[in-house]
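Colleague: Next come a sequence and a model predicted from it.
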Amino acid sequence: MPRPAPVMPGVTAPDYDLTTPSDVDYAGAFAGVAPEAREHQLAVRAFVQDEVLPVIDGYWERAEVPFDLVKKMGELDLLRDGVDVAGRPTVSFMAEGLASMEMSRGDGSVATICGVQGGLALRSIVMHGSPEQVERYAEPMARGEILGAFALTEPTHGSDSVSLETTARRETRDGVEGYVLDGEKKWIGFGSCGDITVVWARLVGDDGDNQVHGFIVPQDAPGYTGTTIEGKASLRAIWQAHIVLDDVFVPADAALPGATSFKATAAVLFATRLTVAWSAVGHAIACYESAVAYAQQRIQFGKPLAAQQMVQERLTRMLSTVTQMQLLVARLTELADAGTLTGEQASLAKYTCTRGAREVAQIARDMLGGNGILLGNRVARHFADIEAIHTYEGTESMNALIVGRDITGFSAFA
């Protein structure tokens, strides 16, 4: 539990209410969403208001994973990130987008937990796993009983992930056919505190095809070492790991039969890129609504900040950016639900929305003055967390090159 705020005798500064949801949708971008999508959104909002916001500052400050919240998310069926699991209701792209927006409005680490557990690890198994693998892992992962990681990025291969160096080779040990994995991974959410890791490795050896394959690796397997990365200034309430795979043996049935090339990895990432754009919208909304509330409550020169011309211009600028982001993700999510969304469009959404969220957060932090750097006033945490989502699931530069290639017909990748 977070430690109580110290009592400071003689301090007369007021407490500001900056967390009340304002249902920001100035242009009616979400006015036509289906009732079930709206119901899903409001369920996540209730979870954020009741469970996340009262405690998250403490977890964030201490850099601790809120495992109690993860358990609650499993109970509420909020860990799937829209992935279909037998026996559970199908969630539309629009419903899951709105859910991601609301979760990020609460906290970036909690939203990233959903993205790692459902969007990456669970999705990899459901998309590319055997029926037996899906039956074994999907439901327990949806409940949060098995925590999963997705290990693609390496210490020397981030954006250049197609060139990954982690290897797998076929081998038989003690009469068991399987694979031996060697290499390193970095920035792997839940990679040091989960149960399984979906590892992407290049199949080498005399009978290897030199293609990227996916493997389900238990984190307690001999030779698997996951070390939590410390000193982060962003997403502090989820642990990312530096993983070393040293002669890790897994049986043959640990291989994902549908993951036999980098295209399988790209398919998983494509499915999550639009979700990250939605997350950016949620962060921007959190900063905007905090700035509005603060401007209405903070008195300077005898009147609320909100009565100042400069403040109103800044709030309008923030709302303009938020509205553009909302309209973009709403339209592209309609295309996703129709099955016509392209990778380039998803990249444009991620590129646009994380840039926009950065802009909104910067203005909000400035508007709150000195109070803007206090965790209790919300904006600073989002300000920091936006920097992480601006980088992961495709950096600004990489997404610009994807869109630029589509615009011009020329590939400018190095």
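Modeller: Okay, I see it. Keep in mind it's a predicted model, so treat the numbers as computed, not measured.
Colleague: Would you check that Ala149 makes contact with Trp200?
Modeller: No. The criterion here is C-beta atoms under 8 Å, and Ala149 misses it with Trp200 at 11.4 Å. All C-beta atoms are positioned from the backbone trio N, CA, C, and that covers glycine.
Colleague: Which strands or helices does the host helix or strand of Leu274 pack on?
Modeller: Per DSSP states H and E, Leu274 falls inside helix 262-297. With contacts taken as 3 or more C-beta pairs under 8 Å, 6 or more residues apart in numbering; DSSP states H and E, helix 262-297 sits against helix 93-106, helix 108-114, helix 123-128, strand 212-218, strand 303-304, helix 309-338, helix 343-367, helix 379-391.
Colleague: run the last query once more with 6 Å
Modeller: Applying 3 or more C-beta pairs under 6 Å, 6 or more residues apart in numbering; DSSP states H and E, one finds that helix 262-297 contacts helix 93-106, helix 123-128, helix 309-338, helix 343-367, helix 379-391.
Colleague: what's the angle from it to helix 343-367?
Modeller: Helix 262-297 and helix 343-367 are oriented at 30 degrees to each other (axes from the mean of the first three to the mean of the last three C-alpha atoms, to 10 degrees).
Colleague: next structured bit after helix 262-297?
Modeller: Taking DSSP H and E, what comes next after helix 262-297 is strand 299-300.
Colleague: Centre of the chain to that next one, how far?
Modeller: Remark: strand 299-300 is offset 37 Å from the chain centroid, using C-alpha atoms, centre = their mean, to the nearest Å.
Colleague: Test my guess that Gly189 contacts Gly118.
Modeller: No. If you go by C-beta atoms under 6 Å, Gly189 and Gly118 don't touch, sitting 11.7 Å apart.
Colleague: how about the helix holding Leu274: buried residues?
Modeller: 262, 264-265, 267-295 (16 or more other C-beta atoms under 10 Å).
Colleague: Turn the helices and strands packed on helix 262-297 into CSV, columns for distance to Ala63 and mean neighbour count.
Modeller: Formatted as CSV, the helices and strands packed on helix 262-297 follow (distance: least, C-beta to C-beta, whole Å; neighbours: other C-beta atoms under 10 Å):
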stretch, distance to Ala63, mean neighbour count
helix 93-106, 18, 27
helix 123-128, 27, 23
helix 309-338, 29, 18
helix 343-367, 20, 23
helix 379-391, 12, 23
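Colleague: what's the first-to-last distance across stretch 366-386?
Modeller: Terminal residues of stretch 366-386 are spaced 16 Å apart (C-alpha to C-alpha, to the nearest Å).
Colleague: Give me the residues contacting it.
Modeller: Defining contact as C-beta atoms under 6 Å, 6 or more residues apart in numbering, one finds that stretch 366-386 is touched by 18, 57, 60, 108, 233-235, 283, 286-287, 290-291, 294, 357-358, 361, 364-365.
Colleague: quick revisit: off-centre distance for the helix holding Leu274?
Modeller: 8 Å.
Colleague: what is the mean pLDDT for it?
Modeller: Confidence over helix 262-297 (mean pLDDT, whole number) is 95.
Colleague: quick one: that helix to strand 212-218, angle?
Modeller: Here the directions of helix 262-297 and strand 212-218 differ by 70 degrees (the same axes, to 10 degrees).
Colleague: what sits up against stretch 24-42?
Modeller: For stretch 24-42, using C-beta under 6 Å, 6+ apart, the contacting residues are 92, 94-95, 98-99, 102, 285, 319, 323, 326-327, 330.
Colleague: Quick one: those as CSV, columns for distance to Lys71 too.
Modeller: Compiled in CSV, the contacts of stretch 24-42 are given as follows (distance: C-beta to C-beta, whole Å):
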residue, distance to Lys71
Ser92, 26
Met94, 27
Ala95, 22
Leu98, 23
Ala99, 18
Glu102, 19
Ile285, 26
Leu319, 36
Thr323, 36
Gln326, 31
Leu327, 36
Ala330, 32
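Colleague: biggest separation within those residues, which pair?
Modeller: Spanning the widest gap among those are Ser92 and Leu319, at 26.7 Å by C-beta to C-beta.
Colleague: Tell me which residue lies nearest the centroid of this structure.
Modeller: Thr112 (3.2 Å; C-alpha atoms, centre = their mean).
Colleague: Name the nearest residue to that one, ignoring sequence neighbours.
Modeller: Nearest non-adjacent residue to Thr112, counting by C-beta to C-beta, 6 or more residues apart in numbering: Ile238, 5.1 Å away.
Colleague: ok, now Ile146?
Modeller: What sits nearest to Ile146 in space, not counting adjacent residues and going by C-beta to C-beta, 6+ apart, is Pro140, at 4.3 Å.
Colleague: quick check, Ile188 in a strand?
Modeller: Yes. Per DSSP: H, G, I helix; E, B strand; the rest coil, Ile188 lies within a strand segment.
Colleague: got a pLDDT number for it?
Modeller: Note on Ile188: pLDDT of 97.
Colleague: Run a quick neighbour tally on it.
Modeller: Using other C-beta atoms under 10 Å, the number of residues around Ile188 comes to 26.
Colleague: Pull the contacting residues for it.
Modeller: Contacts of Ile188 (C-beta under 6 Å, 6+ apart): 149, 151, 241, 243.
Colleague: Distance-wise, check Cys353 relative to Ala27.
Modeller: Remark: distance between Cys353 and Ala27 (C-beta to C-beta, to the nearest Å) = 15 Å.
Colleague: Ok, Arg80 next?
Modeller: Between Arg80 and Ala27 the distance is 29 Å, computed by C-beta to C-beta.
Colleague: Mind checking which of those two has more residues around it?
Modeller: Taking neighbours as other C-beta under 10 Å, Arg80 and Ala27 compare with Arg80 leading, 26 against 14.
Colleague: and that one, what helix or strand is that in?
Modeller: With DSSP H and E as the test, Arg80 turns up in no helix or strand.
Colleague: Now Asp406. Nearest residue, chain neighbours left out?
Modeller: Nearest residue to Asp406, sequence neighbours excluded (C-beta to C-beta, 6+ apart): Glu344, at 4.2 Å.
Colleague: For the one you found, give me the pLDDT.
Modeller: Looking at Glu344, its pLDDT is 95.
Colleague: Tell me who's in contact with it.
Modeller: 402-403, 406 are the contacts of Glu344 under C-beta under 6 Å, 6+ apart.
Colleague: Kindly recompute the last result at 8 Å.
Modeller: 402-403, 405-406 (C-beta atoms under 8 Å, 6 or more residues apart in numbering).
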